[in-house]
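# Turn this into a model:
(chains A and B)
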Protein chains: 2
Amino acid sequence: MIKPFDFFFDFISPYSYLAHKQIRKLEKENNIKINYKPILLGGLHKLAGVTAAAFIPSKTKYMIRDCKMIAEKHNIKFKFNTNFPINSLALMRGVFLAQNKKKLDQYVDFFFDAYWEDGLNLNSDKILNSILINLNINFNEFQLIISDQKIKNKLTVQTNEAYNKGVFGAPSFIINNKLFWGQDRLEFVLKEAQR
Amino acid sequence: MIKPFDFFFDFISPYSYLAHKQIRKLEKENNIKINYKPILLGGLHKLAGVTAAAFIPSKTKYMIRDCKMIAEKHNIKFKFNTNFPINSLALMRGVFLAQNKKKLDQYVDFFFDAYWEDGLNLNSDKILNSILINLNINFNEFQLIISDQKIKNKLTVQTNEAYNKGVFGAPSFIINNKLFWGQDRLEFVLKEAQR
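Residues are numbered from 1 along each chain as shown, chains lettered A, B, ... in the order given. Below is the predicted model:
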């Protein structure tokens, strides 16, 4: 028996993608649903005083190879996106829209894969539109809803809440009030989830 | 057969200690010697533009629990030092002195254990002296030699060299010209070392 846990993610984060793929496998094998919690990683980093690896050249260089190694270890399809970093704000607000439309799983799968498997530029309206079509979401409706103050606030509130619980990066996991950071800590999350 | 690899460390880094303990086990089991390469982590971070976890409160808080989890997993004695961080400059310069005296292994073992197992304040001259006595190194001689410009330069040069090879944190490992960062990447280092 595995208890569900909170999974804090941002599409911008390659390690979040690698965690997501492992979590999907876990969900299937154990017939459970993990709580996907969208946050804005840029906003979280600002709150925590963290400089993202994307802005530290030696870290970025290493991260690209590191992600490939981890993907290989777990048999995950992965290609480091040449459009990195992008602004993930609209996509992360869109998670709430997808949730309201009961399309959360599909939305998360499609955008994670588009960015970290297919190498697409998610800041291009044309590409965004083609993914939304596959999700049966109207592009104009999407733009309208993610501009709504309530949705905007929701992402801010959830990011602030995560920070207040000690979260400072992505992917992060919380279970039994314990925080874990990094896809390489999933083994500890699982141990805690089986208690 | 395992090829030796370079291990970049600073006593200040708890994850370097956790790597060191795993490496000692590895050395024993495989009858090899790993190349211990002292660097000044503070200097390296400055070169790379990295803010140490010690200066980001939410990261520090998490790191303490994270280190305990990892220590437990590997059966390593560990106590997060309440004197953290300290200035490790003198201790890291001392590694070269120990090397010259053919006491490298003992020196590294003693200071890592003193800081991360026994929780001692290594910035106290009294405590430093007591450890040096156990190493049969004279305190005044130690102070004299680590103030020598040649030793000072050696640490600077080695830190710069590490940075030029892509190193931005500790522990780091290099083998077959490939860089690995973090004690949790030792599994990949080993794989590479067995090629």
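
# from here on, contacts and neighbour counts on C-alpha atoms
OK.

# surely residue A:9 meets residue A:44?
No: using C-alpha atoms under 8 Å, residue A:9 is not in contact with residue A:44; the gap is 10.9 Å.

# Neighbour count for the two, which is higher?
Between residue A:9 and residue A:44, residue A:9 has the larger neighbour count (other C-alpha atoms under 10 Å in any protein chain shown), namely 25 against 22.

# OK, contacts around that one?
For residue A:9, the contact set (C-alpha atoms under 8 Å, 6 or more residues apart in numbering or on different chains) comprises A:16, A:36, A:37, A:38, A:39, A:41, A:170, A:171, A:172.

# Next up, phi/psi of it, please.
phi -140, psi 160 (degrees, to the nearest 10).

# Distance check, residue A:69 against residue A:15.
12 Å (C-alpha to C-alpha, to the nearest Å).

# re the thing from before, taking the contacts of residue A:9 together, which two end up most distant?
A:36 and A:41 (14.2 Å; C-alpha to C-alpha).

# Can you pick out the residue with more neighbours from those two?
More crowded of residue A:36 and residue A:41, by other C-alpha under 10 Å: residue A:41, with 24 against 17.

# Can you tell me the closest non-neighbouring residue to that one?
residue A:10 (6.0 Å; C-alpha to C-alpha, 6 or more residues apart in numbering or on different chains).

# next one: residue A:63
residue A:53 (7.7 Å).

# Which pLDDT value belongs to the one you found?
pLDDT for residue A:53: 94.

# same thing with residue A:195?
Residue A:195 carries a pLDDT score of 82 in this model.

# burial count for it?
With other C-alpha under 10 Å as criterion, residue A:195 counts 9.

# That one and residue A:175, how far apart?
Taking C-alpha to C-alpha, one finds residue A:195 at 10 Å from residue A:175.

# Verify the stated contact: residue A:32 with residue A:1.
No: when contacts are counted by C-alpha under 8 Å, residue A:32 is not listed as touching residue A:1 (9.3 Å).

# Give me the more crowded residue out of those two.
residue A:32 (15 against 9).

# Identify the residues contacting the more buried one.
Contacts of residue A:32 by C-alpha under 8 Å, 6+ apart are A:2, A:4, A:26.

# do residue A:86 as well
A:12, A:121, A:122, A:123.

# could you redo the last one with a cut-off of 7 Å?
Applying C-alpha atoms under 7 Å, 6 or more residues apart in numbering or on different chains to residue A:86 gives the contacts A:12, A:123.

# do the one 4 residues further on as well
Under the criterion of C-alpha under 7 Å, 6+ apart, the neighbours of residue A:90 are residue A:146.

# Check residue A:79 too.
Going by C-alpha under 7 Å, 6+ apart, the list of residues near residue A:79 reads A:116, A:117, A:119.

# now with 6 Å?
Contacts for residue A:79 (C-alpha atoms under 6 Å, 6 or more residues apart in numbering or on different chains) come out as A:116, A:117.

# re earlier: redo the contacts of residue A:9 as CSV? Include secondary structure and pLDDT.
CSV is the format used below for the contacts of residue A:9 (DSSP: H, G, I helix; E, B strand; the rest coil; pLDDT from 0 to 100):
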residue, secondary structure, pLDDT
A:16, helix, 98
A:36, strand, 98
A:37, strand, 98
A:38, strand, 98
A:39, coil, 98
A:41, helix, 98
A:170, coil, 98
A:171, coil, 98
A:172, strand, 98
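
# Just give me the closest of those to chain B.
Using C-alpha to the nearest C-alpha, residue A:172 comes nearest to chain B of the contacts of residue A:9, at 11.2 Å.

# Surely the closest one and residue A:181 touch.
Yes: here residue A:172 reaches residue A:181: they are 4.4 Å apart, a contact under C-alpha atoms under 6 Å.

# more crowded one of the two?
residue A:172 (25 against 22).

# Run through the bridge partners of that one.
Applying DSSP bridges to residue A:172 gives these bridge partners: residue A:8, residue A:181.

# which residues of chain A fall in helices?
For chain A, the helices defined by DSSP state H cover A:14-30, A:41-48, A:57-73, A:89-100, A:104-116, A:125-134, A:139-146, A:149-164, A:186-193.

# Please convert those to JSON lines, extending it with distance to residue B:21.
Below are those laid out as JSON lines (distance: least, C-alpha to C-alpha, whole Å):
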{"stretch": "helix A:14-30", "distance to residue B:21": "27"}
{"stretch": "helix A:41-48", "distance to residue B:21": "31"}
{"stretch": "helix A:57-73", "distance to residue B:21": "23"}
{"stretch": "helix A:89-100", "distance to residue B:21": "41"}
{"stretch": "helix A:104-116", "distance to residue B:21": "36"}
{"stretch": "helix A:125-134", "distance to residue B:21": "49"}
{"stretch": "helix A:139-146", "distance to residue B:21": "50"}
{"stretch": "helix A:149-164", "distance to residue B:21": "33"}
{"stretch": "helix A:186-193", "distance to residue B:21": "20"}
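
# With residue B:101 as the reference, name the closest of those helices.
So among these, helix A:57-73 is nearest, using C-alpha to C-alpha, at 34.8 Å.

# and the closest one, C-alpha only, in PDB?
This file holds the C-alpha atoms of helix A:57-73, laid out as PDB (Å, rounded to 0.1, in the frame of the first residue of the first chain):
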ATOM      1  CA  PRO A  57      26.500  28.300 -17.000                       C
ATOM      2  CA  SER A  58      28.600  25.500 -15.500                       C
ATOM      3  CA  LYS A  59      25.400  24.100 -13.800                       C
ATOM      4  CA  THR A  60      23.400  24.200 -17.000                       C
ATOM      5  CA  LYS A  61      26.200  22.400 -18.900                       C
ATOM      6  CA  TYR A  62      26.300  19.700 -16.300                       C
ATOM      7  CA  MET A  63      22.500  19.500 -15.900                       C
ATOM      8  CA  ILE A  64      22.100  18.500 -19.600                       C
ATOM      9  CA  ARG A  65      24.300  15.500 -19.200                       C
ATOM     10  CA  ASP A  66      23.000  14.600 -15.800                       C
ATOM     11  CA  CYS A  67      19.400  14.600 -17.000                       C
ATOM     12  CA  LYS A  68      20.400  12.300 -19.900                       C
ATOM     13  CA  MET A  69      22.100   9.900 -17.500                       C
ATOM     14  CA  ILE A  70      19.000   9.700 -15.300                       C
ATOM     15  CA  ALA A  71      16.700   9.300 -18.300                       C
ATOM     16  CA  GLU A  72      18.800   6.400 -19.500                       C
ATOM     17  CA  LYS A  73      18.800   4.800 -16.100                       C
END
